[in-house]
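1. Predicted model and sequence below, questions to follow.
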Amino acid sequence: MDKIIDKFPAYDIFNYCIPGVLFCAIFSYLLNIDYPKDNQLFYAIILICAAVFAGQAISRVGSIIIEPLSRKTKLLKWSSNYYKAEKKDPELKTLLRNMNNYRTYVSLVLFLVPITLYSDINQIRNGFDYIFVLIVEILLILVFYIAYVKEAKAIFNRIKSLEK
């Protein structure tokens, strides 16, 4: 088992697996989906594959939609000298990984908002109020988006300082 886990880079786990598992779990919860109890190993394998696929799709939406929109609104600055700077400052790779994770989490919550809107108020259990869930989702979008922009600015400033 350790050999299998060693083959997954941390980036894949944080950027694909965790958002995918969260999406599948929250999706199932909000839409009150029950999985069959028989043949649990088969369904666990299917769920893992679905989670990785969902995580990759969520990540790509962030890359294809959120990042370009952020650049157009001038909230996100980027330097064409990133790859040159990365050779001088290996820490940039970690900052970029963090930035991409935040972008993926923004995308994840953006995927959940329409599902929450679609789900029946009666299906949100344990005393959670429909409006409360939406407010939490909006706050999560804001928190992760601010973290995303902040990380991008840190990368941009580091690259600028290396250019001097």
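-> That came through fine. The structure displayed is predicted, hence computed values, not measured ones. Residues are numbered from 1 along each chain as shown.
2. what number of residues lie near Lys160?
-> 13 (other Cβ atoms under 10 Å). (Each C-beta comes from the backbone N, C-alpha and C, glycine too.)
3. okay, it: pLDDT?
-> The score at Lys160 is 85. That number is its pLDDT.
4. quick one: contacts for it?
-> With contact taken as Cβ atoms under 8 Å, 6 or more residues apart in numbering, Lys160 is in contact with Ser79.
5. which SSE is it in?
-> helix 130-163 (DSSP states H and E).
6. Mind listing what's buried along that helix?
-> Within helix 130-163, the residues that count as buried by 16 or more other Cβ atoms under 10 Å are 133, 137, 140-141, 144-145, 147-149, 151-152, 155-156, 158-159, 162.
7. right, and out of these, which lies closest to Cys17?
-> When the buried residues of helix 130-163 are compared for distance to Cys17 (Cβ to Cβ), Phe144 wins out at 17.2 Å.
8. Quick check: the closest one touching Leu110?
-> No - assessed by Cβ atoms under 8 Å, Phe144 is found out of contact with Leu110, at 9.9 Å.
9. all helices for the chain, in order.
-> Along the chain, counting by DSSP state H, helices occupy 2-6, 10-12, 18-30, 40-61, 67-72, 82-88, 91-118, 130-163.
10. Just list what the fifth one packs against, helices and strands only.
-> Taking 3 or more Cβ pairs under 8 Å, 6 or more residues apart in numbering; DSSP states H and E as the contact definition, the neighbouring helices and strands of helix 67-72 are helix 130-163.
11. I'd like to know how far Leu110 sits from Leu41.
-> 33 Å (Cβ to Cβ, to the nearest Å).
12. same check, this time on Thr94
-> In this structure, Thr94 and Leu41 are 36 Å apart, going by Cβ to Cβ.
13. Among these two, which residue is more densely surrounded?
-> Set Thr94 next to Leu41 and count neighbours by other Cβ under 10 Å: Thr94 wins out with 10 against 7.
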